[in-house]
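S.K.: could you work out the structure for the sequence below:
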Amino acid sequence: MTQSHGWLLPELLRLDSTYQGRYELWHQTKTQPHLTLDTLARPEPIPFLKPGDAGFDKPLTMLKACFRAVGGESQKPGMREVSYLAKWMLFSLGHPYQPSPPTMETRTAGTRRKRLENEFDLSQLIRFPSDYFGHLLAHSQYGQRHTRFYPTLQPVAALMAELGHQVDHGAKPMRILDPCLGTGRLALEASNYARALVGWERDRPLLEVALANFMLYAPDFALPIPGLGGQLVWGDALERQGTVIVGHRAQPEPWPALAPPPKPTRRPKPHASDPNTTQLTIF
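M.R.: Numbers count the residues shown, from 1 in each chain. Alright, predicted model coming up:
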């Protein structure tokens, strides 16, 4: 029997209430009147694991068993296996982006999905949080010739998120922009301080993997709260061309990092006292 859309969501909510509390905070914020970033509570920080930390290997072993269950390569899974599992998770956890199960082109699809359901252990991912998909894709050298996928090391991502929070906002929650989202590793670390994300990624499978990560650990990013300006965009942030796949269609303002540089209204006129009038006429 095929499972229904969102069949794993009750288990996610139960685990989240025990370990993280992110979905409860998300629900409280969604029902809050007169919503602004200034009035929001900061989320409780999640200590994301890195390779070598205690507990990191156990979920990794579980995920490799999941890849074996669907007939994939378990020792060095690539994007085909990771993408399928990410979409299956989005369907199972009830995200509206994936309303039906991902397709599997084999006559034994039903049997393989059943094996996947038996192998998948959501509790391990919640108890030992990390960007496991980014780790697996980096080891398979995914995208290094074409999409230039080089995930930031987890300790570096944690430091960047902390410094960005200290410099810009102090104790106040943030809305952040990540123009090269990848699997969402830096954004996950920033979710310890931020309540809204505008994330761009031109590689759609990577964007879907990031969305699966956000469903596990950052519901503010996976299910943006209206009024806070969160979006996930499939496209190129430098060219400002993309399709919003999660969040409101309108571009939140202001986002100076995405705006083209202002054009000068007129050229400055050289002054007689300037020693280098030629240089001034260039601008």
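S.K.: show the pLDDT at P45.
M.R.: Among the per-residue scores, P45 shows a pLDDT of 91.
S.K.: T147 now?
M.R.: The predicted local confidence for T147 comes out at a pLDDT of 65.
S.K.: quickly find the element holding G242.
M.R.: Using DSSP states H and E, the element containing G242 is strand 241-247.
S.K.: pull that strand out as CSV, backbone CA atoms only.
M.R.: Taking Å, rounded to 0.1, in the frame of the first residue of the first chain, the C-alpha atoms of strand 241-247 are listed here in CSV:
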residue,chain,number,x,y,z
GLN,A,241,16.5,35.4,-13.4
GLY,A,242,14.8,32.6,-11.6
THR,A,243,11.6,30.8,-10.6
VAL,A,244,10.3,30.9,-7.0
ILE,A,245,9.5,27.4,-6.0
VAL,A,246,8.8,28.1,-2.3
GLY,A,247,7.5,31.3,-0.8
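S.K.: list the strands paired with that strand, with their directions.
M.R.: Sheet pairing for strand 241-247, assigned by DSSP bridges, gives strand 231-236 (antiparallel).
S.K.: buried residues, the strand it pairs with. List them.
M.R.: Of the residues in strand 231-236, those with enough neighbours to count as buried (16 or more other CB atoms under 10 Å) are Q231, L232, V233, W234, G235. The C-beta positions use only the backbone N, C-alpha and C, and glycine is treated the same way.
S.K.: again with stretch 163-182
M.R.: For stretch 163-182, burial by neighbour count (16+ other CB under 10 Å) applies to G164, H165, H169, P173, M174, R175, I176, L177, D178, C180, L181, G182.
S.K.: now do stretch 102-115
M.R.: Of the residues in stretch 102-115, those scored as buried under the neighbour-count criterion (16+ other CB under 10 Å) are P102, M104, R112, R113, R115.
S.K.: in this structure the third one contacts R68, no?
M.R.: No - taking contacts as CB atoms under 8 Å, R112 lies outside contact range of R68: 9.8 Å.
S.K.: which stretches of the stretch 101-250 of the chain have low pLDDT?
M.R.: Along the stretch 101-250 of the chain, the parts satisfying pLDDT under 70 run over 107, 145-147, 168-171, 249-250.
S.K.: again, only this time at 90
M.R.: 103-113, 139-152, 162-175, 226-229, 238-241, 248-250 (pLDDT under 90).
S.K.: with that, I have no additional questions.
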